[in-house]
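J.: any chance you can model this:
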Amino acid sequence: MTGVLMHVAAGAGAAATIDCDSAVARAVTITPAPVFDYSAAFARNLGWVTPAEQQRLCRARVAIAGMGGVGGVHLLTLARLGVGRLRIADLDRFDIANFNRQAGAFVSTLGEPKVGVMARMARDVNPEAEIDCFPRGVLPDNVDEFLRDVDVYVDGIDFFAIEARRMLFAACRAKGIPALTAAPLGMGVSLLYFRPGGMSFEEYFRLEGQPRQEQFARFIAGLSPAMLQRHYLAVPEAVDFAAQRGPSTAMACELCAGVMGTAVLKVLLGRGPLRPAPWAMQFDAYRQQLRFTWRPFGNANPLQRLLLYFLRPRLRAAGS
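T.: Predicted coordinates for the structure are as follows:
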């Protein structure tokens, strides 16, 4: 296209012709789009991991079920760690009630599917990442595909989704996949690691054959044998099992991601010990306390049975 020509005064009575398109082109510097480079993007991980270990993380595949409070921030943490193959599942959409804690919850994402938003955010960290999305969640008809060739399973599904959680941990057990859960409790985190060949999820929590309310009680007791969070719940009425709703904080979710990311790194790289169930670890930032608990036989342990004795009336009141 011919440039726009403009006549201007040039000295005494003379005239000059300027090609305006050419002038603009000379004045504007066009910066080329940055090219993503995996080694440069995750170079600051080096020192805490070796270059060879970083490449192992790049080739690793991690499955995360749930893209809400903990699952979404697990995904972003593992993406920034450089894990190159990620499989994510969630059937929900972002709602305004998610704003206090969920990594993908913004005014701009209201009503959007969580898996789509979180996959987009993770690809913004690593455009080369292989991210498989399961927008129906994990169901009996797709659990095998969800866990196919997975190196580690990370639990991020809703507290009240007991049936789906049991199905996933049972499938991991059958396939020999290491499985971890990090629970956001108050303003802290509790970590459980189910090692292939070690104590199973069912052996620890002992949910089989129990009524739903009792399963909730056993799940809470197993997640938090130390119950560090119990001292500062300011509004007990906020725990409503009938409505399947409880209080939560962003701080707890972020702590979960840090603890989970470290545990996944250790499992993937074989770096040092990680205490499996019946060990549990709970850290509470509010109380500045750390506890390791060891409960042989899981919830059948006498200390756990005593804890359940005190928990059940409170859960009945919360569910009424």
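J.: show the subsequent helix or strand relative to the helix or strand harbouring Phe292.
T.: Applying DSSP states H and E as the criterion places Phe292 in strand 289-294. Per DSSP H and E, strand 289-294 leads on to helix 302-318 as the next helix or strand towards the C-terminus.
J.: run through who's touching that following helix.
T.: 213-214, 216-218, 220-222, 225, 227, 236, 239-242, 295, 298-299 (C-beta atoms under 8 Å, 6 or more residues apart in numbering). From N, CA and C alone the C-beta is placed, and that goes for glycine too.
J.: separate out the buried members of these.
T.: 216-218, 220-222, 225, 227, 239, 241, 295, 298-299 (16 or more other C-beta atoms under 10 Å).
J.: list the residues that contact Gly69.
T.: Contacts of Gly69 (C-beta under 8 Å, 6+ apart): 98, 101-102, 156, 184, 248, 253.
J.: can you check Ala129 too?
T.: 79, 83-86, 122-123.
J.: let me know the distance separating it from Phe36.
T.: Relative to Phe36, Ala129 is positioned 10 Å away (C-beta to C-beta, to the nearest Å).
J.: about what we covered before: give me the subset of the contacts of Gly69 lying in strands.
T.: Pro184 (DSSP state E).
J.: which one of the contacts of Gly69 sits closest to Ala263?
T.: Nearest to Ala263, judged by C-beta to C-beta, of the contacts of Gly69 is Gly156 at 13.3 Å.
J.: the closest one against Gly68, yeah?
T.: Yes. Using C-beta atoms under 8 Å as the test, Gly156 is close enough to Gly68 to be in contact (6.9 Å).
J.: can you tell me which member of the buried ones among the contacts of helix 302-318 has the lowest pLDDT score?
T.: Checked by pLDDT, those have Phe241 as the lowest-scoring entry (79).
J.: ok, that residue - contacts?
T.: Listed by C-beta under 8 Å, 6+ apart, the contact partners of Phe241 are 213, 216, 315, 318-319.
J.: out of those, who's nearest Phe205?
T.: Nearest to Phe205 among these: Phe216, at 10.7 Å, using C-beta to C-beta.
J.: now do the phi/psi pair for the closest one.
T.: Backbone geometry at Phe216, expressed as degrees, to the nearest 10, gives phi -60, psi -40.
J.: hmm, Arg165 and it touching each other?
T.: No. Between Phe216 and Arg165 there is no contact under C-beta under 8 Å: 11.5 Å.
J.: quick one: low-confidence ranges for the stretch 201-320 of the chain?
T.: Where the stretch 201-320 of the chain drops to pLDDT under 70, the residues are 319-320.
J.: among the contacts of Ala129, name the buried ones.
T.: 79, 83-86, 122.
J.: make JSON lines out of the residues you listed and add pLDDT and secondary structure.
T.: Shown next, in JSON lines, are these (pLDDT from 0 to 100; DSSP: H, G, I helix; E, B strand; the rest coil):
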{"residue": "Ala79", "pLDDT": "98", "secondary structure": "helix"}
{"residue": "Val83", "pLDDT": "98", "secondary structure": "coil"}
{"residue": "Gly84", "pLDDT": "98", "secondary structure": "coil"}
{"residue": "Arg85", "pLDDT": "98", "secondary structure": "strand"}
{"residue": "Leu86", "pLDDT": "98", "secondary structure": "strand"}
{"residue": "Ala122", "pLDDT": "98", "secondary structure": "helix"}
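J.: going along the chain, name the strands of the stretch 51-200 of the chain.
T.: Taking DSSP state E, counting those that start in this stretch, the strands of the stretch 51-200 of the chain run over residues 61-65, 85-89, 130-134, 152-155, 179-185, 188-194.
J.: what angle sits between the helix or strand encompassing Glu214 and strand 289-294?
T.: Assigned by DSSP H and E, Glu214 belongs to helix 212-223. Per axes from the mean of the first three to the mean of the last three C-alpha atoms, to 10 degrees, the angle that helix 212-223 makes with strand 289-294 is 110 degrees.
J.: angle of helix 212-223 against strand 179-185?
T.: 100 degrees.
J.: what sits up against helix 212-223?
T.: 159-160, 162, 181, 183, 185, 190, 192, 204-207, 210, 241, 280, 295, 298-299, 304, 307-308, 311-312, 315-316, 319.
J.: what does stretch 163-170 give?
T.: In contact with stretch 163-170 (C-beta under 8 Å, 6+ apart) are residues 65, 137-138, 140, 143, 147, 153, 155, 157, 179, 194, 200-202, 207.
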